[in-house]
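1. 3D, please:
(chains A and B)
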Amino acid sequence: MSLELVELIEEEKKSEKTLEEAKKKADEILEGAKRRAKEIVEKAQKETFFQDFIDKRTKEIDEKRKIVLKQSDDDCEKLAKKAEKNLGKAADIALERILGVKI
Amino acid sequence: MSKEKLELYIRGKTDEEVKKITGEAEEAAKRIIGESESKVARIKDEKLRKVKKEMDEKEKAEMSMARMEGRKRVMKIKDDFLRKTSEEAENRLKGFLSGKMGEKYRDILTNLAIESASNIYGKEVLISANKRDRDILEKIAPQIKNMVSKTKDAEVDIELDDKAMDTIGGVIAYSKDGKQVYNNTFEARLNRTFEELRGKLLVALFEG
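-> The predicted structure is shown next:
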């Protein structure tokens, strides 16, 4: 075999080796991507999202609840004032019923 | 072709192939990561929808509880004032009973005795009262007997219990066998009044 042919065969072998390494590197890239994708999804499944949203809504609900209770307290205050004023009249109605006559 | 040219050709082809393999792998990796990011976006969407729904339900439940608590507070105010009215009526009643017992009281007692005796089925009725009222009833017993007999359209025998009963006033009528009882004491009338007039008293207290 001539020297030139031997050198060409050597070059061809180098090329095959380079290609094999490239394939190996490609496999590593793909494996790395799969691993990373899996991590991204797993992290998303575990993560507690929207804590700010939850906090904001919880605060809103609490405010609304306070408004409803404040409204009923205001109603109670008005009712109590009115009842305080009318207590004597109501007692008279009851007494008239108990005695059967007005006194 | 010379050896050098062949070597250059082989190297060129190899580089080209390496670039192709690496490029395809990087593209595939990008696609995989992209798909996982899309999946994460879907998960987030789903979780957001779930959280929104949960918070809406929480709001509904909290508002419902708050309204219920509000109604309870209003009901408590109403009950408190009914109780105060009952106490006030009782105080006024006691004040009235501690005053001078005139003709008006005798009329009241007469009416209570007639009402209770008329509600007892039969011709013999026993009437119990406290000492003060018994003394008054003794004097008006014939009048009561006449009125009850008239109401029942039959001769009725009214007997006064010798034993004085512990009450602030009013009477209890019994049938002879003791099976029928009509309690017309002021305590019983006070309780009945607040059961029967609840609606009217609420209107008087809160709408007047």
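2. any idea which element whichever residue of chain B sits closest to chain A lies in?
-> Taking Cβ to the nearest Cβ, chain A has its nearest neighbour within chain B at residue B:70, 2.9 Å off. In this view, the C-beta of every residue, glycine as well, is placed from N, C-alpha and C. If you go by DSSP states H and E, residue B:70 is part of helix B:3-98.
3. that helix: what's the following helix or strand?
-> Following helix B:3-98 toward the C-terminus (DSSP H and E): helix B:103-118.
4. the next helix or strand after that following helix packs against which elements?
-> Remark: after helix B:103-118, the chain's next helix or strand is strand B:124-128, criterion DSSP H and E. Packing partners of strand B:124-128 (3 or more Cβ pairs under 8 Å, 6 or more residues apart in numbering or on different chains; DSSP states H and E): helix B:103-118, helix B:131-152, strand B:157-160, strand B:170-175.
5. who wins for proximity to residue A:47 among these?
-> strand B:170-175 (76.2 Å; Cβ to Cβ).
6. now the angle from the following helix or strand past the closest one to strand B:170-175?
-> Using DSSP H and E, the helix or strand that follows strand B:170-175 in sequence is strand B:181-185. Strand B:181-185 runs at 170 degrees relative to strand B:170-175, counting by axes from the mean of the first three to the mean of the last three Cα atoms, to 10 degrees.
7. which secondary structure elements does strand B:181-185 sit against?
-> Packed next to strand B:181-185, using 3+ Cβ pairs under 8 Å, 6+ apart, are helix B:103-118, strand B:170-175.
8. ranking those by burial, who's on top?
-> For the helices and strands packed on strand B:181-185, the stretch with the most neighbours on average is strand B:170-175, a mean of 23; neighbours defined as mean count of other Cβ atoms under 10 Å in any protein chain shown.
9. chain center to it: distance?
-> Mean-position distance between strand B:170-175 and its chain equals 34 Å (Cα atoms, centre = their mean, to the nearest Å).
10. and for the closest residue to the residue of chain B closest to chain A other than its chain neighbours, the neighbour number?
-> Leaving aside its sequence neighbours, residue B:70 sits nearest to residue A:72 (Cβ to Cβ, 6 or more residues apart in numbering or on different chains; 2.9 Å). Residues within reach of residue A:72, counting by other Cβ atoms under 10 Å in any protein chain shown, total 20.
11. for residue B:154, same thing?
-> 10.
12. show me the contacts for the residue of chain A found nearest chain B.
-> Scanning chain A for the residue nearest chain B gives residue A:72, at 2.9 Å (criterion: Cβ to the nearest Cβ). Neighbour list for residue A:72: B:67, B:69-71, B:73-74 [criterion: Cβ atoms under 8 Å, 6 or more residues apart in numbering or on different chains].
13. now the biggest helix by length in chain A against helix B:3-98, angle please.
-> Ranked by residue count, the top helix of chain A under DSSP state H comes out as helix A:51-99. Interaxial angle, helix A:51-99 versus helix B:3-98 (the same axes, to 10 degrees): 10 degrees.
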